[in-house]
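Novice: I would like to see how this sequence folds:
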Amino acid sequence: EVQLVEFGGGLLQPGGSWRLSCAAPGSTFVDYAIGWFPQAPGKEREGVSCISSSDGSTAYADSVSGRFTISRDSAKNTTFLQMNSLNSEDTAIYYCTLSSARGRGWDYWGQGTQVTVSS
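Specialist: This is a model prediction of the structure:
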C-alpha cells in the first residue's frame with residue numbers, strides 16, 4: 001500500500017513564498033504522476049499542478065501558472081510545490097495524489113496539509 005505524506009503547511013503572508021513537500025516512501029511505480037489538489041473552504045478539490053515521472057513534464061492550472069512550480073527528487077521519492085506570490089485565494093488544504101500508471105486516475109491520496117494565507 002502506497003502512502004503519501006504532505007509536509008509544509010502553515011500560516012503564510014500574502015505576497016510570500018513557501019514550499020510544500022509530498023513524500024511517497026516505498027513507492028516502486030515506474031511510470032507515474034504526482035499531482036497537487038488544493039481544496040478551499042466550501043469548494044471542491046481542484047488540481048493545480050502535476051508532474052510525470054517518465055519525462056518530468058509538468059502542467060499547471062491558469063490560477064497558479066507563473067506562480068507555482070512543481071518539481072521532484074526521484075532519489076527521495078519526494079515531490080515539491082514551490083508557491084510564490086501567495087494570496088488569500090491560495091488558502092486551502094493541499095492534497096498530493098499519485099496516479100500509478102499512465103491512463104489511470106488518481107488512485108492514492110495524502111492526508112492533506114493546511115495552507116492559510118492571511119495578514
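
Novice: so where's this protein uncertain?
Specialist: The model of the chain has no residue with pLDDT under 70.

Novice: in it, which spans are strands?
Specialist: 5-7, 10-12, 18-23, 33-39, 49-52, 58-60, 68-73, 78-83, 92-99, 108-109, 113-117 (DSSP state E).

Novice: residues in contact with the third one?
Specialist: I take that to be strand 18-23. Strand 18-23 is contacted from outside by 4-10, 12, 34, 36, 76-83, 86, 94, 96, 110, 113, 115, using Cβ atoms under 8 Å, 6 or more residues apart in numbering. Quick note: C-beta positions are derived from backbone N, CA and C, even for glycine.

Novice: let's see it at 7 Å
Specialist: Under the criterion Cβ atoms under 7 Å, 6 or more residues apart in numbering, residues 4-9, 12, 34, 77-83, 86, 94, 96, 110, 113 lie in contact with strand 18-23.

Novice: hmm, back to that, could the strands of the chain go into CSV alongside mean neighbour count?
Specialist: Below are the strands of the chain laid out as CSV (neighbours: other Cβ atoms under 10 Å):
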stretch, mean neighbour count
strand 5-7, 17
strand 10-12, 13
strand 18-23, 19
strand 33-39, 22
strand 49-52, 20
strand 58-60, 15
strand 68-73, 17
strand 78-83, 22
strand 92-99, 22
strand 108-109, 18
strand 113-117, 18
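
Novice: need the contact partners of stretch 24-43.
Specialist: 2-4, 22, 45-54, 70, 72, 77, 79, 81, 91-102, 106.

Novice: from the chain's centre, how far out does it sit?
Specialist: Centroid separation between stretch 24-43 and its chain, computed with Cα atoms, centre = their mean, to the nearest Å, is 6 Å.

Novice: alpha carbons of it, as PDB, please.
Specialist: C-alpha atoms of stretch 24-43 as PDB (Å, rounded to 0.1, in the frame of the first residue of the first chain):
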ATOM      1  CA  ALA A  24       5.900   8.600  -1.200                       C
ATOM      2  CA  PRO A  25       8.200   6.200   0.800                       C
ATOM      3  CA  GLY A  26       8.200   2.700  -0.600                       C
ATOM      4  CA  SER A  27       6.700   3.700  -3.900                       C
ATOM      5  CA  THR A  28       8.000   1.400  -6.700                       C
ATOM      6  CA  PHE A  29       5.900   2.600  -9.600                       C
ATOM      7  CA  VAL A  30       7.900   3.300 -12.800                       C
ATOM      8  CA  ASP A  31       5.600   5.400 -14.900                       C
ATOM      9  CA  TYR A  32       3.500   7.500 -12.600                       C
ATOM     10  CA  ALA A  33       2.400  11.100 -12.000                       C
ATOM     11  CA  ILE A  34       2.100  13.200  -8.900                       C
ATOM     12  CA  GLY A  35      -0.500  16.000  -8.600                       C
ATOM     13  CA  TRP A  36      -1.400  18.700  -6.200                       C
ATOM     14  CA  PHE A  37      -5.100  19.300  -5.500                       C
ATOM     15  CA  PRO A  38      -6.000  22.100  -3.100                       C
ATOM     16  CA  GLN A  39      -9.400  22.200  -1.500                       C
ATOM     17  CA  ALA A  40     -10.500  25.700  -0.500                       C
ATOM     18  CA  PRO A  41     -13.200  26.100   2.200                       C
ATOM     19  CA  GLY A  42     -16.600  25.400   0.700                       C
ATOM     20  CA  LYS A  43     -15.200  24.300  -2.600                       C
END
